[in-house]
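Fold the following for me, if possible:
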Amino acid sequence: MDIPMAPGLGLLLERTHYDSYDKKHSKDHEPLTDWGEIIEKEVERTKFELITKDMLETELLSQGMLKWLADLVHHDFSSNPEAEEPEKKTFVTMAAACANKALKEQEATSSEAPEASEVAEGAPEVASAPEAAAPELAAAPEEPKAQIEEEKVAAAGSS
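Okay, here's the model as predicted:
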C-alpha cells in the first residue's frame, strides 16, 4: 500500500493515563490522574505556552499539514499490493486525464446531435453557422473596419 506518512508536528499526548498504576498503588499514595483544579489550570497554561503555541506557529510558517493534504492525490490507496502497478499521478497525467474526459464528452454530445435531427423527419434543417443563418450579419464586421479606414484616410488628408 502506498500511504503517505502524516507530518509528526501536532501529535500531542493530551492527557497521561495512570489508571492501572493508580489501581495498583492506591493504598500507598494519592492517585496520579487527579491533580486538583489549580494544578490542572497551570498545566493547561504551560501546555499552551510551550507546546500548542509552537505547534501553531510552526504550522503557519511551514504549512506541513497543508502540503501533506495537497500531496494525497499522488498516492494510491490500493489494498491489493499484487495488483498491476498504478500509473503515477502527476499534474501532467491528471491534466491529460481531464482533457481526455472532456474530449470523450464532446464526442458524445456531437454524436448525439445527428440523432436529434434524424428524429425530426421532415423538419427544416437548422443552419449551425451564423453566416448561413444571416449572411448580411456575417459581412457586418467588415463594414466598420472599412469605415474606420476611410475615416483615417480622410483625417490624414485634411491635416
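
Quick one: residues in contact with stretch 33-52.
Where contact means Cβ atoms under 8 Å, 6 or more residues apart in numbering, the residues beyond stretch 33-52 that reach it are 12, 17, 18, 19, 22. From N, CA and C alone the C-beta is placed, and that goes for glycine too.

Pick the one among those residues closest to residue 109.
Using Cβ to Cβ, residue 12 comes nearest to residue 109 of the contacts of stretch 33-52, at 53.2 Å.

For that closest one, which three-state class applies?
At residue 12, secondary structure determined by DSSP: H, G, I helix; E, B strand; the rest coil is coil.

which ones are touching it?
With contacts defined as Cβ under 8 Å, 6+ apart, the neighbours of residue 12 are 51, 52, 55.

Against residue 24, how distant is it?
Applying Cβ to Cβ, to the nearest Å, the value for residue 12 to residue 24 is 27 Å.

do residue 34 as well
Remark: distance between residue 34 and residue 24 (Cβ to Cβ) = 16 Å.

try residue 8
Remark: distance between residue 8 and residue 24 (Cβ to Cβ) = 32 Å.

So for the two, which sits in the more crowded spot?
With neighbours defined as other Cβ atoms under 10 Å, residue 8 and residue 24 compare such that residue 24 has more, 10 against 7.

Where does the prediction get shaky in this protein?
In the predicted model, the chain carries pLDDT under 70 at residues 1-2, 10-11, 81-88, 113-149, 152-159.

longest helix in it, by residue count?
The helix of greatest length in the chain, counted in residues with DSSP state H as the criterion, is given as helix 91-119.
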